[in-house]
Structure formats: C-alpha cells, structure tokens
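J.: give the three-dimensional model of this entry:
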Amino acid sequence: MKMTKKREWLEKLRKEAGLTQEEVADKSGIHTASYSNIENGKKTLSVKTAKKIAEVLNFDWKDFFL
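T.: Residues are numbered from 1 along each chain as shown. Okay, the predicted model is just below:
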C-alpha cells in the first residue's frame, strides 16, 4: 500500500463545510473508513471517487492528484 502524507487541505475543506467524515462519505457513496483513510493519506483513490468527494466539498477533483 502506498503511503502518502495526510491531506490536511481536504480535512480543512470538510470542516469549513461543517461536515463530519461520515457525512462526506455518505454523500460520496463510500464507506466512512475509506474516506477516513483517504483524508489521512493512507489510501489512494480512483478518479470516480475523487470526483464524488470533490462534488460534495466543491473543489476541483484534480487537486487529489497534484
């Protein structure tokens, strides 16, 4: 498993939106544990999942891959 650094920018966007990890996961159609691992940099994600999360939090999905 590829380890990346924590996506602090993602956590900040989520908190600014007033959402919990569970709420973002729910709205994105993924498991809460998966979202948590994505936010904490323990999991890479597909373009499809990136687009779902970006839509919920209103940012450009390509930011995940910069």
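J.: where in the protein is pLDDT low?
T.: Filtered on pLDDT under 70, the chain yields the residue ranges 1-4.
J.: hmm, who's touching the lengthiest helix in the chain?
T.: Secondary structure of the chain per DSSP state H: the longest helix is helix 47-57. Outside helix 47-57, the residues that touch it by C-beta atoms under 8 Å, 6 or more residues apart in numbering are 10, 13-14, 17, 19, 24, 27-30, 34-35, 38, 45, 60-65. Using the backbone N, CA and C atoms, a C-beta is placed for each residue, glycine as well.
J.: only C-alpha atoms, please: export it in CSV.
T.: The C-alpha trace of helix 47-57 is given here as CSV (Å, rounded to 0.1, in the frame of the first residue of the first chain):
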residue,chain,number,x,y,z
VAL,A,47,-10.9,9.3,-10.4
LYS,A,48,-14.5,8.3,-9.9
THR,A,49,-14.2,8.6,-6.1
ALA,A,50,-12.2,11.8,-6.3
LYS,A,51,-15.0,13.3,-8.4
LYS,A,52,-17.7,12.3,-5.9
ILE,A,53,-15.8,13.8,-2.9
ALA,A,54,-14.9,16.9,-4.9
GLU,A,55,-18.6,17.4,-5.8
VAL,A,56,-19.6,17.2,-2.1
LEU,A,57,-16.9,19.6,-0.9
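J.: show me which positions of that helix end up buried.
T.: Neighbour counts using 16 or more other C-beta atoms under 10 Å place T49, A50, K51, K52, I53, A54, V56, L57 of helix 47-57 among the buried residues.
J.: distance to K6 for those residues - can I get that in CSV?
T.: Below are the buried residues of helix 47-57 laid out as CSV (distance: C-beta to C-beta, whole Å):
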residue, distance to K6
T49, 18
A50, 17
K51, 21
K52, 20
I53, 15
A54, 18
V56, 19
L57, 16
